[in-house]
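Visitor: All I have is the shape, not the residue letters:
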Ligand code: DC
């Protein structure tokens with residue numbers, strides 16, 4: 001039986017960084033599912049479809065399905081392909097981040113992308129990061145973790161990431177933006193961000209990435225060896 005590890009959590013809880021490093025340690029494939037939602041937002045912006053136009057966005061997605069393409073030589077590296085075009089860093093540009101939330105709340109979008117995520121996971125050992133992996137995408141995953149961190153810790157982390165990317169933003173503005181995204185992600189009608197009842201919660205506020213990864217690796221190895 002393939003081993004599935006689901007990592008969920010709010011914005012800047014450390015889930016993507018942890019999930020990637022974890023997949024590396026375990027030798028599993030990895031997918032940060034936010035990239036698929038971002039790819040749809042990118043497509044909508046490129047085609048001039050408003051990110052609030054559910055009908056328009058869902059039709060666009062029906063005609064241009066995003067695919068996850070893994071580099072065979074390096075299972076940690078993947079790109080999202082739409083219409084033969086490979087998308088990478090463009091998915092993290094600010095306009096895409098701003099357009100993605102309403103798109104991720106559209107039921108038709110979620111249905112298709114959940115299917116794509118399950119297809120990616122099928123039959124192999126996988127670490128998948130997102131908001132609804134343990135609750136909706138892989139409800140039978142053998143390992144589920146829900147990462148949290150204080151709003152201050154999350155603001156500092158995101159600030160450092162943005163500075164490294166050369167983006168300057170006011171700390172208070174960023175904090176407010178993270179809180180607004182949390183609010184939208186946790187209160188949307190379809191698949192809101194939530195801890196699965198059987199997920200282990202880890203508060204990463206004062207932990208390093210390696211400490212979190214070590215903790216999860218121990219648990220996966222211990223249970224898999226039984
Ligand atoms: O993790 P991220 O910032 O790249 O996610 C981008 C958006 O997609 C964010 O608004 C939440 C949404 N998302 C989601 O609804 N479900 C997922 N499994 C992953 C991301």
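Guide: Arrived safely. Because the structure is predicted, anything quoted here is derived from the model rather than measured.

Visitor: Please enumerate the strands of this structure.
Guide: For the chain, applying DSSP state E gives strands covering 4-8, 29-32, 67-71, 74-82, 85-87, 126-130, 143-148, 200-203.

Visitor: Adding distance to the ligand, mean pLDDT and mean neighbour count, write these out as a markdown table.
Guide: From N, CA and C alone the C-beta is placed, and that goes for glycine too. A markdown table is the format used below for the strands of the chain (distance: least, CB to the nearest ligand atom, whole Å; pLDDT from 0 to 100; neighbours: other CB atoms under 10 Å):
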| stretch | distance to the ligand | mean pLDDT | mean neighbour count |
| --- | --- | --- | --- |
| strand 4-8 | 8 | 97 | 27 |
| strand 29-32 | 6 | 94 | 22 |
| strand 67-71 | 13 | 86 | 15 |
| strand 74-82 | 11 | 83 | 16 |
| strand 85-87 | 13 | 91 | 15 |
| strand 126-130 | 3 | 96 | 28 |
| strand 143-148 | 12 | 97 | 24 |
| strand 200-203 | 17 | 97 | 16 |
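
Visitor: Point out the one among those strands that comes closest to residue 42.
Guide: Of all the strands of the chain, strand 85-87 sits nearest to residue 42, with 6.2 Å by CB to CB.

Visitor: Now do that closest one: which elements does it pack against?
Guide: Packing contacts for strand 85-87, counted by 3 or more CB pairs under 8 Å, 6 or more residues apart in numbering; DSSP states H and E, involve strand 74-82.

Visitor: Could you list the residues in contact with the strand it packs on?
Guide: Strand 74-82 is contacted from outside by 20, 23-24, 27-31, 35-36, 38-39, 42-43, 64-71, 86-88, 91, using CB atoms under 8 Å, 6 or more residues apart in numbering.

Visitor: redo that, cut-off 7 Å
Guide: By CB atoms under 7 Å, 6 or more residues apart in numbering, the residues outside strand 74-82 that reach it are 20, 23-24, 29-31, 35-36, 39, 43, 64, 66-71, 86-88, 91.

Visitor: rewinding a little: could you export the strands of the chain as CSV, including distance to residue 109?
Guide: Output for the strands of the chain, formatted as CSV (distance: least, CB to CB, whole Å):
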stretch, distance to residue 109
strand 4-8, 18
strand 29-32, 17
strand 67-71, 15
strand 74-82, 14
strand 85-87, 16
strand 126-130, 14
strand 143-148, 23
strand 200-203, 28
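
Visitor: For the lowest-mean-pLDDT helix or strand in the chain, which strands pair with it and how are they oriented?
Guide: Here the helix or strand of the chain ranked lowest by mean pLDDT, DSSP states H and E is strand 74-82, holding a mean of 83. Sheet pairing of strand 74-82 (DSSP bridges) gives strand 67-71 (antiparallel), strand 85-87 (antiparallel).
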